[in-house]
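S.K.: what follows is a protein structure lacking sequence information:
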């Protein structure tokens, strides 16, 4: 930069700054900060064409005292707005559309007894058709409407048929998945064979495979059962005996030496009974496949499926994860059947670190899964064509509810800060990871309780323990920071233009562009500029005046506290004080007072003539100025507004005289 050293010390110079679009930047040194970037910017809305205005606030919708765990929408046919469902302290509540109060709904188990769910971990839910499915971390719950009444109950596991159990898998939701065929039930006067369960869904050449018979026995019968096992090729006309009548031999190991399809037949009768068996005493498992090699996937354990607290809906299937015993397992339901989770559909996402799956995001045609230090994708629409891909094995998501789709990217909070996942234009199953928090990295908390939302064309990242929200204007690439005592936000929930905030203590707030408080709590807008050298780094300046350009609203007057610091000396401050002598003790005490030093007047209403809207008296912009004194090289300004009132700052200017360097 070239600088003129031949200055006229009697000439007044003026510089104006009318751009706030650079947002918050607390990382760059003062000398490298742009003129439109600010090291402090709190509770400022930057969507007003490069101005800075007090952000809009929140109104209280409803509340219930207790530790909140999650909130969800429940969509009812014929309603123009969804109901809201909450889990607070292990209890389920619903706020009906049009109501302002939460009503508790009892959760019933399969025996119609009231149950409570765990009250430690967060809870998630998805709606499929007319039912809301809630992964409570204790049981999978269904929430629905019956006879105009809200009800909630434990999901009743689907009982697969014999063929479904063999070829699709047993139901992981069942208390005893292998008991899908009712073995040993009492009834009738004779032994009846109900089904055959093979050890695997198909056999391998020259490898033994167990076949187990399931039977029904007469009431009161305490004797043994004889079994006869036979087999034949599917195209053959007669059976070959594999095991002749033998007592208590309900399981038999077959070894096949020829590839093909086989019919397996078992016959059962009471021990000592030599009569010709009836048809009900036989069962045929038809067209059982024998293949050349045993390339069967192993059946993963799924006994902890009910403890899952994460859920996602994908291609008419419900997916569960968050099982504390196997936190890297994903349990997938059968197509269009949320009551049936075949054990064959369980996928292991472990990449050698035993890390839990933290979050799943539906992105384009795939699911993106995060652990603390890895990112993986699941492509395909069914277990038969699923494909797993590792995107990154060093960066992951540490806060499950921070991962959100924003535009054509996924934003999330990692142990390295706020990151973005953007697709590779040449391979859809691969993506690139990059950081988005370069301007605020050192002050961004690394908090596993963080949550996020995509709202108002911004990515909002909230930290409930710190009562902070960072807003990212992703199109401009700039940040702003919000502070308030009410910002202990645990979860965001959006519907159209409406954004709801669930706080840790059970309060629900809704964003409202007409208010400038958080549920009645004021918050000021605070902006601190860089130390401006006024385009003359080596010259001393003699300050003369400061000018402010701001918007005055019709119904509100706005007060502003302005502090100006000339190098290390405060030359303008809203603070003042005076000394007083105590007449009794004789001691001198100092009393500090703070008062606004700028007042922007709004419009007024006189009968039917409204100043500020009428062409006779439009009040839109105000320019205020005041004299300042000080000799310095650099000058810094600090703005502090009164909370609760709208205020918009368009710019500021400094009048000064230059001295020789």
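M.R.: The structure has been received and is ready for your questions. Keep in mind the model is a prediction, meaning the values are calculated, not measured.
S.K.: contacts and neighbour counts: CA atoms only from here.
M.R.: Noted.
S.K.: in space, what's closest to residue 423 - neighbours in sequence excluded?
M.R.: residue 431 (4.2 Å; CA to CA, 6 or more residues apart in numbering).
S.K.: oops, could you answer that again for residue 546 instead?
M.R.: residue 654 (4.7 Å).
S.K.: check contacts around that neighbour.
M.R.: Shown in contact with residue 654 (CA atoms under 8 Å, 6 or more residues apart in numbering): 14-16, 543-547.
S.K.: if you set the cut-off to 10 Å instead, what comes out?
M.R.: 13-17, 534, 543-548, 625, 628, 635 (CA atoms under 10 Å, 6 or more residues apart in numbering).
S.K.: tell me the spacing between the residue nearest to residue 423 and residue 392.
M.R.: Using CA to CA, to the nearest Å, one gets 9 Å for the distance from residue 431 to residue 392.
S.K.: more neighbours: which of these two?
M.R.: residue 431 (20 against 16; other CA atoms under 10 Å).
S.K.: just how off-centre is stretch 647-656 within its chain?
M.R.: 40 Å (CA atoms, centre = their mean, to the nearest Å).
S.K.: whoops, stretch 494-507 was the one
M.R.: Using CA atoms, centre = their mean, the offset of stretch 494-507 from its chain centre is 12 Å.
S.K.: state the mean pLDDT of that stretch.
M.R.: Averaging pLDDT along stretch 494-507 gives 96.
S.K.: quote the end-to-end distance of it.
M.R.: OK, stretch 494-507 end separation, CA to CA: 16 Å.
S.K.: check which residues of it are buried.
M.R.: 499-507 (16 or more other CA atoms under 10 Å).
S.K.: go on, stretch 522-538?
M.R.: Across stretch 522-538, burial judged by 16+ other CA under 10 Å covers 522-534, 536.
S.K.: same thing with stretch 237-252?
M.R.: Applying 16+ other CA under 10 Å to stretch 237-252 flags 242-243, 245, 247, 249-252 as buried.
S.K.: stretch 433-449 now?
M.R.: For stretch 433-449, burial by neighbour count (16+ other CA under 10 Å) applies to 433, 435-441, 444-449.
S.K.: tell me where the model's unsure across this structure.
M.R.: Within the chain, the segments meeting pLDDT under 70 span 1-5, 180-188, 294-297, 425-430, 552, 554-556, 577-578, 590, 602-620.
S.K.: closest to the centroid, which residue in it?
M.R.: residue 401 (2.6 Å; CA atoms, centre = their mean).
S.K.: chain neighbours aside, what residue packs nearest to that one?
M.R.: Nearest non-adjacent residue to residue 401, counting by CA to CA, 6+ apart: residue 451, 4.6 Å away.
S.K.: before we move on, what about residue 193?
M.R.: residue 215 is the one closest to residue 193 (CA to CA, 6+ apart), at 4.4 Å.
S.K.: do you know how far that neighbour is from residue 266?
M.R.: Distance from residue 215 to residue 266, counting by CA to CA: 11 Å.
S.K.: for residue 483, same thing?
M.R.: 73 Å.
S.K.: same deal with residue 232?
M.R.: According to CA to CA, residue 232 and residue 266 sit 12 Å apart.
S.K.: residues contacting residue 27?
M.R.: 33, 39, 437-443.
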